[in-house]
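In: Got a sequence here, can you model it:
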Amino acid sequence: MTGTTVVFIHGTGVREPRFTALAESVRASLDAERSGLRFVPFYWGDTHGATLGAGGACLPPSSGHARTLASGDGDDIAAWGVLYDDPDAELALAAAAAPPKAERPPGAARPEQAVRARLGELAAQGDAAAAELGPGLAESATALAAHPLLAPAAAALSPEDLAVLLARALTARVVAAALDADAPLIPDGDTRDAVAASLSETLGAPPAGSGRTLRGRLLRIATGAAARAALRRRRALTEAAHPAAGDILRYLSRGEPLRAELRALIGELPGPVVLIGHSLGGIIALDTLVSAPLPQVRLLVTAGSQGPFLYESGSLPSLTHPQPLPPHVPDWLNLYDPRDLLAYLGAGLFPGRVTDVSVDSRQPFPASHSAYWTNPAVYRHIVGRLP
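Out: I've put the predicted structure just below:
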């Protein structure tokens with residue numbers, strides 16, 4: 001009796017010699033769970049993967065303009081990026097530098113009292129003072145006025161510097177909310193800076209150009225070196241990342257030759273055959289099985305697959321939602337890590353045709369997307385379903 005043949009299809013960005021090392025690891029792990037399997041690696045990276053045909057002519061220069069971007073303006077842009085992730089970051093840094101509490105004379109005003117009142121007045125005016133950024137200014141001003149870090153930050157900074165810092169925090173909160181809401185329009189840096197400058201004056205800072213110096217230096221100290229290093233590495237980062245994104249784009253636009261090659265390979269194999277695809281490899285396997293009957297294939301296994309997402313979003317080449325999965329497609333085992341942001345579920349889209357199984361690598365994303373093949377649970381689930 002002919003043994004089961006396992007065809008392993010790799011995902012995006014994989015090239016030699018890494019594919020051979022990956023395939024050998026998968027082969028050994030499957031053999032450890034069940035001996036006698038015939039293992040066939042399907043390597044498509046060199047033939048059908050993306051390449052930069054002009055040698056990278058589209059890539060930004062690695063010097064010149066990049067040095068300009070890595071100047072102080074680049075540092076400030078990096079600081080805004082940190083603030084969009086955590087609008088209270090500068091406030092927390094300032095509060096951490098607050099001096100020990102000291103006794104105040106009876107009746108003396110607290111350092112934050114004046115700016116707290118200005119924040120309240122700003123909130124009462126609504127969102128008009130930052131209309132160019134979108135809604136949310138009034139809500140943000142109310143939240144900052146009651147913020148527990150306002151008092152220690154006020155003790156650590158001059159009133160002018162505190163006003164600048166709070167203006168940046170307000171601006172960052174509004175922009176971050178727009179980003180979270182996937183707003184189609186995000187203000188450019190000049191508009192953002194103009195709003196922040198206007199808010200600074202409203203909160204008690206002198207006009208721009210009159211000696212104001214804070215300008216986010218608390219965060220610029222922490223982010224400046226990283227911003228310059230990232231820009232210096234931009235070409236290298238693009239070259240390292242382009243196969244992954246390029247592979248997906250190339251497959252979605254010109255995937256039929258790849259599917260035809262896989263069909264030809266399967267046609268030469270004795271049954272029963274199992275297809276195992278990781279990431280884009282799972283999409284390739286699914287598309288190939290949907291496109292034409294391959295009766296010797298008895299099981300489809302996908303890990304970290306975007307196939308269900310492409311189907312539901314109308315982007316899967318072979319099948320359009322809400323068309324059902326054709327009857328000739330075999331049983332489908334879909335393995336996903338809950339921490340893998342590139343893994344999607346199929347059972348809700350194809351009831352009774354897909355089994356979704358969670359496997360936890362205990363790795364954060366993106367490591368979780370590549371940790372399937374070192375997770376023993378993955379192989380146990382696969383071998384438990386093999387014909």
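
In: can you give me the strands for the stretch 151-300 of the chain?
Out: Remark: strands assigned in the stretch 151-300 of the chain by DSSP state E, counting those that start in this stretch are 273-278, 297-303.

In: what do you get for the stretch 1-150 of the chain?
Out: Assigned by DSSP E, counting those that start in this stretch, the strands in the stretch 1-150 of the chain fall at 5-9, 38-42.

In: Please name whichever of those is nearest to G352.
Out: G352 lies closest, by Cβ to Cβ, to one member of the strands of the stretch 1-150 of the chain: strand 5-9, at 24.5 Å. For glycine as for every other residue, the C-beta is placed from the backbone atoms N, C-alpha and C.

In: So which other helices or strands are in contact with that closest one?
Out: In this structure, strand 5-9 makes packing contacts with helix 18-33, strand 38-42, helix 256-267, strand 273-278, helix 280-291, judged by 3 or more Cβ pairs under 8 Å, 6 or more residues apart in numbering; DSSP states H and E.

In: out of these, which comes closest to H369?
Out: Closest among the helices and strands packed on strand 5-9, using Cβ to Cβ: strand 273-278, at 8.9 Å.

In: Note down every partner strand of that closest one and its orientation.
Out: Strand pairing for strand 273-278, using DSSP bridges, gives strand 5-9 (parallel), strand 297-303 (parallel).

In: Turn those strands into a markdown table, columns for distance to L93 and mean neighbour count.
Out: Output for those, formatted as a markdown table (distance: least, Cβ to Cβ, whole Å; neighbours: other Cβ atoms under 10 Å):
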| stretch | distance to L93 | mean neighbour count |
| --- | --- | --- |
| strand 5-9 | 48 | 23 |
| strand 297-303 | 42 | 24 |
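
In: R110 is nearest to which of these?
Out: Nearest of the strands paired with strand 273-278 (Cβ to Cβ): strand 297-303, 57.8 Å.

In: export the closest one as PDB, just CAs?
Out: The C-alpha trace of strand 297-303 is given here as PDB (Å, rounded to 0.1, in the frame of the first residue of the first chain):
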ATOM      1  CA  VAL A 297      -5.400  15.200  -2.300                       C
ATOM      2  CA  ARG A 298      -7.200  14.000   0.900                       C
ATOM      3  CA  LEU A 299      -6.400  16.800   3.300                       C
ATOM      4  CA  LEU A 300      -5.500  20.500   3.200                       C
ATOM      5  CA  VAL A 301      -3.500  21.900   6.200                       C
ATOM      6  CA  THR A 302      -3.000  25.700   6.500                       C
ATOM      7  CA  ALA A 303      -1.000  27.400   9.200                       C
END
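
In: Report the helix or strand with the lowest average pLDDT across this protein.
Out: Of all helical and strand segments in the chain, the minimum by mean pLDDT, DSSP states H and E falls on helix 65-69, at a mean of 41.

In: residue ranges with poor pLDDT in the stretch 101-250 of the chain?
Out: Judged by pLDDT under 70, the stretch 101-250 of the chain has its weakly predicted residues at 101-109, 208-244.

In: Let's see that with 50 instead.
Out: Low-confidence segments of the stretch 101-250 of the chain (pLDDT under 50): 210-216, 221-235, 237, 239-240.
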